[in-house]
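Colleague: Let me see the structure of the following:
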Amino acid sequence: MTTRNNGERREGLDADIRRQFGTEATTRFLRTLPAFRTELDIPDRFKELLDRLDGIEGSLATGQRNQ
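Modeller: Residues are numbered from 1 along each chain as shown. Next up is the predicted model:
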């Protein structure tokens, strides 16, 4: 194996993992786990920060798909 082949395989694996983590089935599963549940009684400041993070992640995902 050459270094180029290893790099290509790694990039392919990275893309596969990202794709699988982005599926609705994975998201639903993670929401069932206590560590990934959002607490309903968190302070407003943290809710605002989470909303901003969601917006940034959404815009990045949209931007990557458009390229």
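
Colleague: alpha carbons only for contacts and neighbour counts from here, please
Modeller: Will do.

Colleague: can you pull out the helices in this structure?
Modeller: 3-21, 24-32, 44-66 (DSSP state H).

Colleague: So this protein: which segments form each domain?
Modeller: 1-36, 39-67 (automatic domain parsing).

Colleague: any chance of these in TSV, plus mean neighbour count and mean pLDDT?
Modeller: TSV is the format used below for the domains of the chain (neighbours: other C-alpha atoms under 10 Å; pLDDT from 0 to 100):
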stretch	mean neighbour count	mean pLDDT
domain 1-36	11	80
domain 39-67	10	81
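
Colleague: And residue 34, how close does it get to residue 15?
Modeller: Using C-alpha to C-alpha, to the nearest Å, one obtains 27 Å as the distance from residue 34 to residue 15.

Colleague: Over to residue 42?
Modeller: In terms of C-alpha to C-alpha, residue 42 sits 33 Å off from residue 15.

Colleague: What of residue 28?
Modeller: 20 Å.

Colleague: got it, and residue 49?
Modeller: 27 Å.

Colleague: Quick check: pLDDT value at residue 38.
Modeller: Listed pLDDT for residue 38 reads 69.

Colleague: For the remainder of this discussion, apply numbering that starts at 627.
Modeller: Right, with 627 as the first residue, what we last looked at is residue 664.

Colleague: Now do the nearest residue to residue 652 once chain neighbours are set aside against residue 655, distance only.
Modeller: Spatial nearest neighbour of residue 652, excluding adjacent residues (C-alpha to C-alpha, 6 or more residues apart in numbering): residue 646 at 7.1 Å. The gap separating residue 646 from residue 655 is 12 Å, by C-alpha to C-alpha.

Colleague: what's the answer for residue 681, then?
Modeller: 22 Å.

Colleague: again, but for residue 666
Modeller: 19 Å.

Colleague: got it, and residue 634?
Modeller: To residue 655, residue 634 is 30 Å away according to C-alpha to C-alpha.

Colleague: just residue 687 next, same as before
Modeller: 20 Å.

Colleague: Could you do residue 665 as well?
Modeller: 17 Å.

Colleague: check contacts around residue 649.
Modeller: When the contact criterion is C-alpha atoms under 8 Å, 6 or more residues apart in numbering, residue 649 has no partners at all.
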